[in-house]
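Novice: Curious how this folds, go ahead:
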Amino acid sequence: SHRSNIIDIDVSRRKKIITTTTNRQSFRISHPCRRLLGTSAQEHGDINVAVQAANERCSGQLQIKKVNTDQWGVFAHRPYTKGSIVISSNLAADTNQPNPKATSCSHSIQTNFNEHILMDLPAQFLNHSCDPNIGVAVKLNEAGSYDFVALRDIQEGEEVRFDYETTEYEVGAFEDCMCGADICRGTIKGFKYNKG
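Specialist: Below is the predicted model of the structure:
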């Protein structure tokens with residue numbers, strides 16, 4: 001469930017939330033999973049049913065809606081203050097994968113060089129921004145997934161987006177960034193390449 005309590009973490013936009021260890025293996029996301037993962041609705045091929053259920057669960061907090069003809073986004077359904085939890089995600093089990101933690105795709109977050117977690121909706125449909133308004137909390141939450149924290153005040157109706165380079169060592173699912181931010185880097189490569 002979504003909480004609006006404040007947590008004590010550094011919410012600096014430029015701070016890398018997840019960092020590499022001394023074991024510098026390269027892990028690359030090799031394909032964009034454009035399907036909705038880990039939901040019974042996806043098994044029946046109906047993403048709209050899963051989106052509707054997530055919107056009902058997050059009513060008054062967040063709303064998933066289309067940002068264009070083939071892309072979803074997550075929008076604040078109320079204001080959030082800097083430092084507050086915007087999304088408290090849960091794990092989603094991809095029943096088609098024997099080891100979901102080894103699965104990487106555009107809907108997962110890297111937790112180790114060989115492990116990713118797959119989050120439920122609405123977190124699966126969070127889009128990237130080079131100038132994000134949410135960041136990923138440093139530690140896993142009680143559900144074994146991540147909380148997303150407001151990096152600044154967020155207005156009702158604003159799309160909530162995080163910087164994919166803060167959670168992925170090397171990104172292979174995307175090349176060109178089209179986030180539209182004034183400070184857009186132009187590419188999404190992963191924090192291996194973004195040392196700034």
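Novice: which residue ranges form the helices in this structure?
Specialist: 40-43, 47-57 (DSSP state H).
Novice: Gln110: which of these is closest?
Specialist: helix 40-43 (21.8 Å; CB to CB). To be clear about C-beta, it is placed using only N, CA and C from the backbone, and glycine gets the same treatment.
Novice: Stretch 108-116 spans what distance, first to last residue?
Specialist: Start and end residues of stretch 108-116 are separated by 6 Å (CA to CA, to the nearest Å).
Novice: Return the set of buried residues in it.
Specialist: Within stretch 108-116, the residues scored as buried using 16 or more other CB atoms under 10 Å are Ser108, Ile109, Gln110, Thr111, Glu115, His116.
Novice: now stretch 59-73
Specialist: For stretch 59-73, the neighbour count (16+ other CB under 10 Å) marks Gln61, Leu62, Gln63, Ile64, Trp72, Gly73 as buried.
Novice: same thing with stretch 131-146?
Specialist: By neighbour count on 16+ other CB under 10 Å, the buried set for stretch 131-146 is Asp131, Pro132, Asn133, Ile134, Gly135, Val136, Ala137, Asn141, Ser145, Tyr146.
Novice: follow-up on the earlier one: now flag whichever of the buried residues of stretch 108-116 is closest to Val160.
Specialist: Ile109 (15.0 Å).
Novice: Give the burial count for the closest residue to that closest one other than its chain neighbours, as a bare number.
Specialist: Of all residues not flanking Ile109 in the chain, Thr167 sits nearest, at 4.7 Å (CB to CB, 6 or more residues apart in numbering). When neighbours are counted by other CB atoms under 10 Å, Thr167 registers 22.
Novice: The one 4 residues further on now?
Specialist: By other CB under 10 Å, 24 other residues sit near Val171.
Novice: do the same with the one 3 residues further on
Specialist: Taking other CB under 10 Å as the criterion, the count of residues near Phe174 is 17.
Novice: Find the nearest non-adjacent residue to it, please.
Specialist: Ile188 (4.6 Å).
Novice: In contact with that neighbour, which residues?
Specialist: Ile188 makes contacts with His128, Tyr164, Glu165, Val171, Phe174, Glu175, Asp176, Cys177, as judged by CB atoms under 8 Å, 6 or more residues apart in numbering.
Novice: ranking the helices of the chain by mean pLDDT, which is last?
Specialist: Note on the helices of the chain: helix 40-43 shows the lowest mean pLDDT, a mean of 45.
Novice: Scan the helices and strands of the protein for the one with the lowest mean pLDDT.
Specialist: Ranked by mean pLDDT, DSSP states H and E, the weakest helix or strand in the chain is helix 40-43, scoring a mean of 45.
Novice: surely the residue nearest to Ile109 meets Asn112?
Specialist: No - the criterion here is CB atoms under 8 Å, and Thr167 misses it with Asn112 at 11.5 Å.
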